[in-house]
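1. Quick one: sequence plus predicted model below, questions after.
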Amino acid sequence: MGRMSQRRAALPYRTTEELSARLDYLRSAPTDAGTVHLVVRRPDLGVREILDEGYLDTVDGLLGDNWYSRATSRAIAAGHHLDAQVVVMSARMVGLLADSEEEQAYAGDQLYLDLDLSVANLPAGSRLAFGEPDAGGAVLEISAKPHNGCAKFVARFGEEAMRFVNNEVGQQLRLRGFNARILESGVVRPGDVVRVVRRGPDGPDEQAGAAARQAGAAAAVVTGEFH
């Protein structure tokens, strides 16, 4: 079940000054566990359906979505289309661009999460699990494939918004979002908890672990306990 959104521009467009003033708010998104804001299906070109529940399938993507038809034959042949099975955007960012969920849905993404999506927090290879543990929720893995705005994004939210999400800070925070592949099939619903269950090779957990290992190795050399 879901509701169809009407295609229209989110007016008035937000200015760079207005958006820049909310950077602290954008940066304060939760880092380890957040919330699903919207689940949106794209059954046809220019059509958006806001869902009460979606099902993410490892083969077919979000069921009922036109993800596969968007992929090029070359990407499919190489298997690269799987790197963009699901597109995810910051719920906080889209909430600054448009007031209603119907307007927000036209950003073009399928999942909108209140979570720190930054490269520093979720490097490529990081994994997100939806819902309570062992309750049949989906698991995503963030891919390295860039997710940038397009002419449609400009038409809906304006050129200043496009420049804002794609400037250096916007890219580091991934304000436009990221691409992901589905590792485990399962349901996803608005209001669900979304948890970071693994960070990629350059994530803070791994950085901290590497630093600890280096410190331990240095101490072992000093004390003669290096094996």
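-> Okay, I see it.

2. Tell me which helix or strand residue 165 sits in.
-> In this assignment (DSSP states H and E), residue 165 forms part of helix 159-166.

3. Which positions within that helix qualify as buried?
-> Counting neighbours by 16 or more other CB atoms under 10 Å, one finds that the buried residues in helix 159-166 are 160, 161, 162, 164, 165, 166. No exception for glycine: its C-beta is placed from N, CA and C like everyone else's.

4. Return the distance of it from the chain's centre.
-> Remark: helix 159-166 is offset 17 Å from the chain centroid, using CA atoms, centre = their mean, to the nearest Å.

5. Now that helix - C-alpha only, CSV.
-> Output of helix 159-166 as CSV, limited to C-alpha atoms (Å, rounded to 0.1, in the frame of the first residue of the first chain):
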residue,chain,number,x,y,z
GLU,A,159,20.5,25.4,-9.1
GLU,A,160,21.7,26.6,-5.7
ALA,A,161,20.5,23.4,-4.1
MET,A,162,22.4,21.4,-6.8
ARG,A,163,25.6,23.3,-6.2
PHE,A,164,25.2,23.0,-2.4
VAL,A,165,24.9,19.2,-2.4
ASN,A,166,27.7,18.9,-4.8
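
6. ok, and what's touching it?
-> 13-16, 19-20, 93, 97, 148-149, 153-154, 170, 175-176 (CB atoms under 8 Å, 6 or more residues apart in numbering).

7. Max pairwise distance over these: which two?
-> 15 and 148 (20.6 Å; CB to CB).

8. picking that back up, how about the buried residues of helix 159-166 in CSV, adding pLDDT and distance to residue 25?
-> CSV is the format used below for those (pLDDT from 0 to 100; distance: CB to CB, whole Å):
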residue, pLDDT, distance to residue 25
160, 96, 18
161, 95, 16
162, 95, 20
164, 96, 14
165, 96, 15
166, 94, 19
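
9. Out of those residues, which is nearest to residue 188?
-> When these are ranked by distance to residue 188 (CB to CB), residue 165 comes first, at 23.3 Å.
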